[in-house]
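**Q** Predicted coordinates and the sequence they were generated for:
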Amino acid sequence: MISSLALTDFRSYAAATLSIEAASVVLHGPNGAGKTNVLEALSLFTPGKGLRGASAPEMGRREPGETTGRAWAVAAVLDDGQHETRLGTGVLSPGGARRIVRIDGETAPPGRLLDHLRPVWATPEQDRLFSDARAARLKFFDRLVFAADPDHAASVTTYEKALKERLRLLVDGAEGREADPLWLDALEIRLAESGAAAATARASALATLQTAIDARGDRPFPQADLGLTGEAERMAAEGADADAIAARLREGLRAARARDAAAGRSLFGPHRSDLTALHREKNRPAAEGSSGEQKALVLNLILAQLTRLAGQPAAPILLLDEAPAHLDAARRAALFDEIEALGLQAFLTGTERALFEGLEGRAQFVRVEAGRFG
Ligand SMILES: Nc1ncnc2c1ncn2[C@@H]1O[C@H](COP(=O)(O)OP(=O)(O)OP(=O)(O)O)[C@@H](O)[C@H]1O
C-alpha cells in the first residue's frame, strides 16, 4: 500500500506531505479545499493524463496572477510489507508539458508504473455515464480494459493516429489535392490491425467484467448486463480471430472512403463502438436510470474491475471522488464494507466527515483545508 504521499507545487499544494497509516483514507473538507487534487495526484501513478484528463502545465501550482504553472512533483512510497518502492512523477521546468516518471530514483517509461500500481477511479462526472456522450463512455471503458491489459493503450493510440491521417488524406482528396492511394492503403492496414486488436481486447475485458459482476451477485449495488456495439467487437465476442476481424475492417474502411471524405468525419470503425448496460433487476437501459442508479451501476462495474485486478501483481488502489454523493446510507455502508472486504487501499473524498460514519475506527480521516492537510 501507499505509505506516504508528498506534493510539491502541485495544484493548490505548495508543499504537503501525508503519512498514511490505514488502508482506507478519507479526505474531508469544504469545497475547493484540495481533496480532488490529492486523488488526481494519485491517479498520475499510471500512464495518461490522470483523473481530470488535464495537461501537465495545468497541474503546476499558480499563485493568483501567475500564468504559467510551476515545475511540480508528486511522490509516493509504496510499501508491500517486504520492501519499499519510491514512485515519483512531475515536470522539471515551469510550464513543462512532458511529465517524467521516476521509480526508485531512476527515470522510467510511464508504462513501468503498471508494474507497481493500478489506480482505478470513480468521479462525479461518471454519474451520468450511461446517458453521456458515447465517446466519453468508450474512453471510460477503454481505461478499464487498459488497466489489466496495458497493450490496449498502444492499439488505441495507433488506431487514433492513423484514423486522423486517413481522414486528412480523404479530405485533401475531396478538395482536389491528390491523395496517395498507396499511403491510404497502408493507413487502412494499420487501422485494421490496431482496430482488430483493440476490439478483441475490449470483447475479452467485457466478458471478464461480466463474469465478475455476475459472481458478485447484487451486493451491494445493482447488476448490469453489459454489451458492446460495434461489428468488430461482436466478431471478437463470437470467437473470430484477429486476422478475420482485420480483413472485415479493411473492407469496411475502403467502402467508407467516399462517404468519410464527403462528411469530413470517420463514420466506420471501432472508434464508433459503444458500451451498453442494462439494469438487470429493472430490465431497463442504464441510460434511463437516475443519477443515483447510474452511479450505483458504475460503482458495481468498478468493484468488478477491482476484483479482476486483485489477481494481478500490481496493487489496485481505488480513488473515489465525492464517494457518498447520490448514495443513501445503506448503500454507503455497503460500499465501505465492500472496500474492506476486497482488502484494497482506497482514498475517498467528501465534504462532511459524518458521511463516512461507517468508516470511523476503520479508516484514517484527514481534514483538508486550503491546500493543507490538517
Ligand atoms: N494549478 C493550480 N494552482 C493553484 N491552485 C489550483 C490549481 N489548480 C486548481 N487549483 C485550486 O484547487 C482548488 C480545487 O481543489 P479540488 O478540486 O481538489 O477541491 P475539492 O476539495 O475536491 O472541492 P469540492 O468539494 O468542491 O470538489 C481550487 O481552489 C482551485 O483554484
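**A** Okay, I see it.
**Q** Could you pull up the contacting residues of residue 362?
**A** By Cβ atoms under 8 Å, 6 or more residues apart in numbering, residue 362 lies in contact with 22, 24, 336, 340. From N, CA and C alone the C-beta is placed, and that goes for glycine too.
**Q** The first one and residue 366 touch, don't they?
**A** So the one you mean is residue 22. No: judged on Cβ atoms under 8 Å, residue 22 makes no contact with residue 366 at a distance of 10.1 Å.
**Q** Mind telling me what element the spatially closest residue to residue 153 that is not a sequence neighbour is part of?
**A** Excluding the flanking residues, the one nearest residue 153 by Cβ to Cβ, 6 or more residues apart in numbering is residue 146, at 4.8 Å. For residue 146, the element it lies in under DSSP states H and E is helix 134-148.
**Q** Which strands and helices lie in contact with that helix?
**A** Using 3 or more Cβ pairs under 8 Å, 6 or more residues apart in numbering; DSSP states H and E as the contact test, the elements touching helix 134-148 are strand 117-122, helix 151-174, helix 181-216, strand 274-279, helix 291-309.
**Q** and with 6 Å instead?
**A** Applying 3 or more Cβ pairs under 6 Å, 6 or more residues apart in numbering; DSSP states H and E, we find helix 134-148 packed against helix 151-174, helix 181-216, strand 274-279.
**Q** Just the CA coordinates for it, please, in PDB.
**A** Extracted in PDB, the C-alpha atoms of helix 134-148 (Å, rounded to 0.1, in the frame of the first residue of the first chain):
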ATOM      1  CA  ARG A 134     -20.700   7.900 -26.400                       C
ATOM      2  CA  ALA A 135     -17.100   8.900 -26.800                       C
ATOM      3  CA  ALA A 136     -16.800   9.600 -23.000                       C
ATOM      4  CA  ARG A 137     -18.200   6.100 -22.200                       C
ATOM      5  CA  LEU A 138     -15.900   4.400 -24.700                       C
ATOM      6  CA  LYS A 139     -13.000   6.200 -23.100                       C
ATOM      7  CA  PHE A 140     -14.100   5.100 -19.700                       C
ATOM      8  CA  PHE A 141     -14.400   1.500 -20.800                       C
ATOM      9  CA  ASP A 142     -11.000   1.600 -22.600                       C
ATOM     10  CA  ARG A 143      -9.400   2.700 -19.400                       C
ATOM     11  CA  LEU A 144     -10.900  -0.400 -17.700                       C
ATOM     12  CA  VAL A 145      -9.500  -2.600 -20.400                       C
ATOM     13  CA  PHE A 146      -6.100  -1.000 -20.300                       C
ATOM     14  CA  ALA A 147      -5.700  -1.300 -16.500                       C
ATOM     15  CA  ALA A 148      -5.500  -5.100 -17.000                       C
END
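**Q** Off-centre distance for that helix?
**A** Centre-to-centre, helix 134-148 and its host chain are 6 Å apart (Cα atoms, centre = their mean, to the nearest Å).
**Q** what's the angle between that helix and strand 274-279?
**A** Between helix 134-148 and strand 274-279, the angle comes out at 90 degrees (axes from the mean of the first three to the mean of the last three Cα atoms, to 10 degrees).
**Q** For residue 92, which non-adjacent residue is closest in space?
**A** Nearest non-adjacent residue to residue 92 (Cβ to Cβ, 6+ apart): residue 71, at 5.7 Å.
**Q** if I read this right, the one you found contacts residue 97, doesn't it?
**A** No: the criterion here is Cβ atoms under 6 Å, and residue 71 misses it with residue 97 at 11.8 Å.
**Q** can you list the residues of the protein near the ligand?
**A** Residues of the chain lying close to the ligand (Cβ under 6 Å from any ligand atom) are 11-12, 29, 31-37, 60-62, 69, 349, 351.
**Q** run the last query once more with 8 Å
**A** In this structure, the chain approaches the ligand at residues 11-12, 27, 29-40, 58-63, 69, 124, 321-322, 349-351, 368, 371, judged by Cβ under 8 Å from any ligand atom.
**Q** Now find how far off-centre stretch 232-242 is within its chain.
**A** In terms of Cα atoms, centre = their mean, the centre of stretch 232-242 is found 24 Å from the chain centre.
**Q** For that stretch, list the C-alpha coordinates in CSV.
**A** Provided in CSV are the C-alpha atoms of stretch 232-242 (Å, rounded to 0.1, in the frame of the first residue of the first chain):
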residue,chain,number,x,y,z
ALA,A,232,-15.5,-5.9,-34.8
GLU,A,233,-16.3,-6.3,-31.1
ARG,A,234,-19.2,-8.6,-31.9
MET,A,235,-17.0,-10.7,-34.2
ALA,A,236,-14.4,-10.9,-31.4
ALA,A,237,-17.0,-12.0,-28.9
GLU,A,238,-18.1,-14.7,-31.2
GLY,A,239,-14.6,-16.0,-31.4
ALA,A,240,-13.4,-14.6,-34.7
ASP,A,241,-9.6,-14.3,-34.9
ALA,A,242,-7.8,-11.0,-35.3
